[in-house]
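> everything below, folded, please.
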Amino acid sequence: MRVAVRLFVASLAAVAMAGCDSGTRRERPAAGSGSVGSTPNGTIAFARWDGDVAGVWMMHADGSRQRRLAPKRDAWAWGGFVWSPDGKQFAFTATAKGVGEERSFEHGELFVMSADGSGLRRLTWTRHAGGQNFNVAADWFPDGRRILFDRNDDGPAGIYVINADGSGERRLTKARWGPRDPSLSPDARTIAYIDDDDVYLMNADGSGRRRLARMPPAWFPQLAWSPDGRKIAVLDREVWLMNTDGSGLRAIIRSLRLSGFAWAPDGRRFAVALREQPRGDFQIWVVNAEGGGKRKLTSAPGGNESPAWSPDGAWIAFTSNRDGNAEIYVMRADGSGQRRLTHNESDDVAPVWSPTK
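Prediction:
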């Protein structure tokens with residue numbers, strides 16, 4: 001469900017190099033329905049690349065009240081935002097003073113902060129001299145007390161859980177290399193993850209490991225469990241969907257490259273940013289999860305990436321550099337009403353909508 005985290009890390013690194021529940025679910029309004037207002041509601045977190053600092057920013061979904069929450073003096077924030085279920089906190093990855101002072105994209109620790117910018121706390125302490133280090137949140141558990149994350153470094157890489165106060169870190173996988181990109185099922189009982197390019201499942205306590213599906217060779221596959229709990233998406237240059245018992249595996253989207261994927265809150269469709277031509281721009285599409293119904297939402301040149309749905313499924317926030325540099329935009333879920341929310345010389349990327357309306 002949090003695949004945008006991974007794709008965000010890649011997009012922000014590119015900016016730097018270029019100078020870029022299990023209960024009954026209520027039905028969401030249909031895309032483009034008459035119930036959609038003229039202005040989206042809610043809160044959006046995003047990253048602003050400003051010189052040599054990538055900071056955590058927040059704004060109302062209409063673009064108002066933009067404010068910088070981080071970095072503070074002890075952290076250089078660079079992304080991977082994952083909201084807590086109640087929308088009161090979010091986890092993100094950053095370098096930390098005394099841990100990654102060179103501000104390198106090769107070192108990242110896990111932090112948590114309240115949505116008002118208070119209570120910044122560091123959860124992981126894993127820097128290894130001379131090596132790489134990433135700790136990236138995948139999901140919060142529904143109780144809001146634990147975070148599922150993975151670690152890829154020169155130490156004990158793998159899939160972990162940790163309490164939101166930084167205590168009780170526990171490794172769920174045993175292999176030194178391989179298990180990564182976990183995705184928590186909506187009922188929080190099962191974790192899907194990648195190991196040697198194949199899809200595996202395990203119980204939320206790390207027991208009961210089993211292979212779910214063998215996948216074709218891929219460059220860097222990632223997973224996203226649908227919000228309704230019925231399907232798992234496997235992402236690389238293509239979008240594959242399967243049922244949660246491993247049946248029905250099929251390629252829904254074939255493209256040259258992806259740059260953003262997000263399930264709609266109802267789990268019936270997804271938004272994806274893809275490139276259809278070798279030198280073409282990324283454009284955002286919405287696709288029916290059962291196949292077919294593919295609809296192109298953007299056509300502006302310059303790249304449109306990182307789609308993120310509003311909690312009611314009526315709006316999509318995204319990043320575009322159609323006006324010269326990367327900024328945050330919003331549109332209705334049918335592609336209408338596109339408008340720019342941020343206006344500055346910095347690069348604003350990877351919007352993530354708060355789960356609370």
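> list the contacts of Phe90.
Applying C-beta atoms under 8 Å, 6 or more residues apart in numbering, we find Phe90 in contact with 45, 81-84, 112-113, 115, 352. (Glycine included, C-beta is placed from N, CA and C.)
> again, 7 Å this time
Phe90 makes contact with 45, 81-84, 113, 115, according to C-beta atoms under 7 Å, 6 or more residues apart in numbering.
> try Pro265
By C-beta under 7 Å, 6+ apart, the contact set of Pro265 is 28, 227, 309, 311, 313.
> rewinding a little: now, the most widely separated pair of the contacts of Phe90?
Greatest spacing in the contacts of Phe90, by C-beta to C-beta: Val82 and Ala115 (12.5 Å).
> which one of those two has more residues nearby?
Set side by side, Val82 and Ala115 show more neighbours around Val82, with 25 against 19, by other C-beta atoms under 10 Å.
> in which helix or strand does the more buried one reside?
Per DSSP states H and E, Val82 falls inside strand 75-83.
> quick one: which of the contacts of Pro265 sit in strands?
Per DSSP state E, strands hold the following members of these: Trp309.
> which of the contacts of Pro265 count as buried?
28, 227, 309, 311, 313 (16 or more other C-beta atoms under 10 Å).
> nearest residue to Asn321 in space, please, no chain neighbours.
Leaving aside its chain neighbours, Asn321 sits nearest to Gly302 (4.6 Å; criterion: C-beta to C-beta, 6 or more residues apart in numbering).
> what about whichever strand or helix holds Arg68, distance to the chain center?
Secondary structure assigned from DSSP H and E places Arg68 in strand 67-70. When C-alpha coordinates are averaged (C-alpha atoms, centre = their mean, to the nearest Å), strand 67-70 and its chain have centres 19 Å apart.
> show me the beta-bridge partners of the nearest residue to Arg250 once chain neighbours are set aside.
In this structure, Arg250 finds its nearest non-sequential neighbour in Leu241, 6.3 Å apart by C-beta to C-beta, 6+ apart. Going by DSSP bridges, Leu241 is paired in beta bridges with Ala233, Arg250.
> check what pLDDT Leu241 gets.
Looking at Leu241, its pLDDT stands at 93.
> check Phe8 too.
The confidence metric pLDDT takes the value 44 at Phe8.
> contact partners for the residue nearest to Asn321?
By C-beta under 7 Å, 6+ apart, the residues touching Gly302 are 281, 320-322.
> give me that answer again for 8 Å
Shown in contact with Gly302 (C-beta under 8 Å, 6+ apart): 281, 320-324.
> restricting to C-alpha, output stretch 163-173 in CSV.
In CSV, the C-alpha atoms belonging to stretch 163-173 read as follows (Å, rounded to 0.1, in the frame of the first residue of the first chain):
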residue,chain,number,x,y,z
ASN,A,163,7.2,0.6,18.1
ALA,A,164,6.4,4.2,17.2
ASP,A,165,8.4,5.4,20.2
GLY,A,166,11.5,3.6,18.9
SER,A,167,11.4,0.7,21.3
GLY,A,168,11.0,-3.0,20.6
GLU,A,169,12.7,-3.2,17.2
ARG,A,170,12.4,-6.8,16.0
ARG,A,171,13.6,-8.5,12.8
LEU,A,172,11.0,-10.7,11.1
THR,A,173,13.1,-12.2,8.3
